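K.L.:
everything below, folded, please.
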Amino acid sequence: MTLNKIVDMQGALSRATTLEELQRLSEQIRDDYRVDHVVYHWVNSVGERFGCGTYSSEWVDRYLEKDYLYIDPVILGCFNRFDPVNWKQLDWSSKGAREMLKDAASFGVGPQGFSIPIRGPKGQYAIFTLSDSRPDDAWEALIEERKRDLIVVSHAFNTKALELEERVFNTEAAQLSPRERSTLTLLAKGKNRAQAAQELEISENTLRVYVESARHKMGALNTTHAVARALAAGQIVV
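P.N.:
Down below sits the predicted model:
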């Protein structure tokens, strides 16, 4: 990413007003750096978790289902440090960590990664990550070349998330569209995705678009979290 693109990205982040825009910008950063994935994950001052990025929803669901959060070397390694870290520097020796890495690969998450821990006010903690599947030497060359501007971009991303926190997370939850509400309502009633798509007379791919859109609007890590937040906000009724 050139200096002009970094300035452009900072400007785009400063103008963002919704979680959906943050999601689109994470996708743009991925494309600009030509990596497989870009992910931003935070825990705010009251323990609310939020994530956006380019990992598939299937991998996010799997990660939470398996409780990888508690054994993930990236989470554990970044929590006790302030400087960015190449994943190769972390301890992947445990059986659980090796199994997680193998599992991640089946969902399209490569073994290379570069994570930047970020700490904000009142206990806010975030990690900004790039991941890829290219060889070690190519990955290390990319990180060496782009480390400084990645740090700039990651902190700009976090600044915008903090700005949105009170308005989006605590008070003015983004309004779901009628289709998004219908989709989450059916899922809340115990329908699986195929059943919900059939009832709405849409394809499963189209249903997935509605689920993902609702998830980002609600600041949810996965579908179950989106349904819970929509119920709590009174946007769906079961």
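K.L.:
what's the helix or strand for the nearest residue to Asp72 once chain neighbours are set aside?
P.N.:
Once its chain neighbours are removed from consideration, Asp72 has its nearest residue in Met100; the separation is 6.5 Å (CB to CB, 6 or more residues apart in numbering). (Glycine included, C-beta is placed from N, CA and C.) Using DSSP states H and E, Met100 falls within helix 95-106.
K.L.:
counting by contacts, list what that helix packs against.
P.N.:
Helix 95-106 is packed against no helix or strand, with contacts defined by 3 or more CB pairs under 8 Å, 6 or more residues apart in numbering; DSSP states H and E.
K.L.:
returning to that earlier point: what sits against the residue nearest to Asp72?
P.N.:
Shown in contact with Met100 (CB atoms under 8 Å, 6 or more residues apart in numbering): 66, 68, 71-72.
K.L.:
tell me the one of the residues you listed nearest Ser26?
P.N.:
Using CB to CB, the shortest approach to Ser26 within these belongs to Asp72, at 19.1 Å.
K.L.:
for the closest one, give me its contacts.
P.N.:
63, 97, 100.
K.L.:
neighbours around the residue lying closest to Gly110 once chain neighbours are set aside, how many?
P.N.:
In this structure, Gly110 finds its nearest non-sequential neighbour in Ser133, 2.9 Å apart by CB to CB, 6+ apart. Other residues near Ser133 come to 14 when the count uses other CB atoms under 10 Å.
K.L.:
do I have it right that Ser133 meets Gln112?
P.N.:
Yes. When contacts are counted by CB atoms under 8 Å, Ser133 is listed as touching Gln112 (6.4 Å).
K.L.:
not counting stretch 193-213 itself, show me its contacts.
P.N.:
Counting by CB under 8 Å, 6+ apart, the neighbours of stretch 193-213 from elsewhere in the structure are 20, 57, 177, 179-180, 182-184, 186-187, 191, 223, 226.
K.L.:
how long is that stretch end to end?
P.N.:
End-to-end span of stretch 193-213 (CA to CA, to the nearest Å): 15 Å.
K.L.:
now do the buried residues in stretch 27-46.
P.N.:
Judged by neighbour count using 16 or more other CB atoms under 10 Å, the buried positions of stretch 27-46 are 29-30, 32-33, 35-44.
K.L.:
what strand or helix carries Leu13?
P.N.:
helix 3-15.
K.L.:
nope, Phe128 is what I meant
P.N.:
According to DSSP H and E, Phe128 maps onto strand 125-132.
K.L.:
ok, that strand: who's next to it in the sheet?
P.N.:
In the sheet containing strand 125-132, the strands it pairs with under DSSP bridges are strand 37-43 (antiparallel), strand 112-119 (antiparallel).
K.L.:
state which helix of this protein is the longest.
P.N.:
helix 136-164 (DSSP state H).
K.L.:
and that helix, what does it pack against?
P.N.:
On a contact count with 3+ CB pairs under 8 Å, 6+ apart, helix 136-164 meets helix 3-15, helix 19-33, strand 37-43, strand 85-86, strand 112-119, strand 125-132.
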